[in-house]
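# 3D, please:
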Amino acid sequence: MTEMKLESGEEIAVFSLEEGRMLIGRICERLGVEPGVHEEREFEDGEHKIRPLESVRGRDVYLVQSLYSGGGLSVNDKMMRVLFFLGALNDAGAARVTAVIPYLAYSRKDMRTKARDPVSTRYTAAMFEAVGIDRMVTVDVHNRAAFQNAFRVPTQHLTAAPVFADKLAELVGDEEVVVVSPDAGGVKRAERARQILQKRLGRAVSSAFVEKYRSEGVVSGGRLVGDVNGKVAVIIDDLISSGTTLVKAAQACRQQGATRAVAAATHGVFSADAAEVLDESALQKVMILDTIAPDRIRTEVMKRRIDVLDAAPLLTGAIHRLHTDGSITELTMMPGSQQIG
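Numbers count the residues shown, from 1 in each chain. Sure thing, here's the model as predicted:
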């Protein structure tokens, strides 16, 4: 671990909800600062308040918290606490308030697919802007363009591909590799990952994608476009929910001659019967980041199938660069071993 010297005219402060203390503990250790101290208070009628217990006046403040159900709180409970905390930090005189939300709730609902559908991504952005944030940072949202267009404040979209690159290099060794998107919508995400992995391996990496359609929760399709024969198929996605999408992609790759299939999906949502689906699949290994606490799937399946990688170096690098006006693009395009933190 490399302790980083922060060079800025403003003092930094990094907070989270109580549920996120382990992650910001690792981030602050790398930054060489103490985690921010705050109070969360519950009232008898179900209301709550949250406030910093130290001065943030004139400071560059970061609130780091993923938004998902867990730790005794629903996703909506966490969102309200985060919004109120951000508003309190702004009201307390912070020079700049940055919301670092590694897993951003409601980002999958970014367009109308049926009559009178909500566009939840846009409404979520409006709530964050209403409490006075200066910047929004997240990791691998479902639709990058929709995320960036929903916000009127500056945004930073981080990709987990640099974190995965080193682990993938260990797994594939000297074998030929093809990076696969499990659907046409994820092709750009997979292409960014392919470029980073190619740089890390120092040799050519090809690409492919699976034609997939989803309607009312039912996944269909499965035709593979691209050559995977005799290669390790590395399937890239933004999240794992039921696991069905990744499993169908792995099956398609193996049927077309891939020597084995591994997956790198940033967020481990793990809903429904994900443990059973993944445990009996054609996937040799699944990698995720700990942007969501990895306690949603059976321990024995985790040990057998899933590698959980630390998100702290990526988030630390982003916070450091934002605080010192460094390059976020540089951070997101280099293999993980070259990241600071």
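
# okay, CA-based contacts and neighbour counts for the rest of this
Noted.

# For Ile24, see how far away the closest residue to Leu104 other than its chain neighbours is.
Using Cα to Cα, 6 or more residues apart in numbering and skipping residues adjacent in sequence, the residue nearest Leu104 is Leu67, 5.6 Å away. Distance, Leu67 to Ile24, using Cα to Cα, to the nearest Å: 15 Å.

# where does the residue nearest to Leu104 fall, phi/psi-wise?
Dihedral pair for Leu67: phi -110, psi 100, per degrees, to the nearest 10.

# can you pull the contacts of it?
Val75, Lys78, Met79, Ile101, Pro102, Tyr103, Leu104, Ala105 (Cα atoms under 8 Å, 6 or more residues apart in numbering).

# Next, count neighbours for the fourth one.
Taking other Cα atoms under 10 Å as the neighbour definition, Ile101 ends up with a count of 19.

# My guess is it contacts Tyr68. True?
No. Judged on Cα atoms under 8 Å, Ile101 makes no contact with Tyr68 at a distance of 10.4 Å.

# Sticking with Arg223, tell me its helix or strand.
For Arg223, the element it lies in under DSSP states H and E is strand 218-225.

# Whatever helix or strand comes next after that strand: partners in the sheet, and parallel or antiparallel?
Once the chain leaves strand 218-225, the next helix or strand it forms, by DSSP H and E, is strand 232-240. Strand pairing for strand 232-240, using DSSP bridges, gives strand 177-181 (parallel), strand 260-268 (parallel).

# Show me where the stretch 201-341 of the chain has its helices.
In the stretch 201-341 of the chain, the helices defined using DSSP state H, counting those that start in this stretch lie at 244-255, 274-279, 299-305, 312-323, 328-332.

# Tell me which of the strands paired with strand 232-240 lies nearest to Met127.
strand 260-268 (22.9 Å; Cα to Cα).

# what's the angle between that closest one and helix 244-255?
Interaxial angle of strand 260-268 relative to helix 244-255 (axes from the mean of the first three to the mean of the last three Cα atoms, to 10 degrees): 170 degrees.

# Deepest-packed of the strands paired with strand 232-240, please.
Ranked by mean neighbour count, the strands paired with strand 232-240 are led by strand 177-181 with a mean of 29 (mean count of other Cα atoms under 10 Å).

# how far out from the middle of the chain is that one?
Relative to the chain's own centre, strand 177-181 is displaced by 20 Å; criterion: Cα atoms, centre = their mean, to the nearest Å.

# can you check stretch 74-94 too?
20 Å.

# Over to stretch 251-268?
That offset, for stretch 251-268, works out to 20 Å (Cα atoms, centre = their mean).

# first to last residue in that stretch, what's the distance?
20 Å.

# For the remainder of this discussion, apply numbering that starts at 19.
Fine by me, first position is 19 from now on; the one you just mentioned is stretch 269-286.

# Can you report phi and psi for the residue lying farthest from the centre of the chain?
Residue farthest from the centre of the chain, counting by Cα atoms, centre = their mean, is Glu62 at 34.4 Å. Here is the backbone geometry of Glu62 (degrees, to the nearest 10): phi -60, psi -30.

# Then the one 10 residues further on?
Glu72 adopts backbone torsions of phi -140, psi 160, taken as degrees, to the nearest 10.

# what's the closest non-adjacent residue to it?
Val55 is the one closest to Glu72 (Cα to Cα, 6+ apart), at 6.4 Å.

# Redo the helices of the stretch 219-359 of the chain as JSON lines? Include mean neighbour count, mean pLDDT and distance to Gly76.
Converted to JSON lines, these look like this (neighbours: other Cα atoms under 10 Å; pLDDT from 0 to 100; distance: least, Cα to Cα, whole Å):
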{"stretch": "helix 262-273", "mean neighbour count": "23", "mean pLDDT": "94", "distance to Gly76": "46"}
{"stretch": "helix 292-297", "mean neighbour count": "19", "mean pLDDT": "89", "distance to Gly76": "46"}
{"stretch": "helix 317-323", "mean neighbour count": "14", "mean pLDDT": "89", "distance to Gly76": "44"}
{"stretch": "helix 330-341", "mean neighbour count": "22", "mean pLDDT": "96", "distance to Gly76": "13"}
{"stretch": "helix 346-350", "mean neighbour count": "17", "mean pLDDT": "80", "distance to Gly76": "23"}
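
# Fine by me, we can end here.
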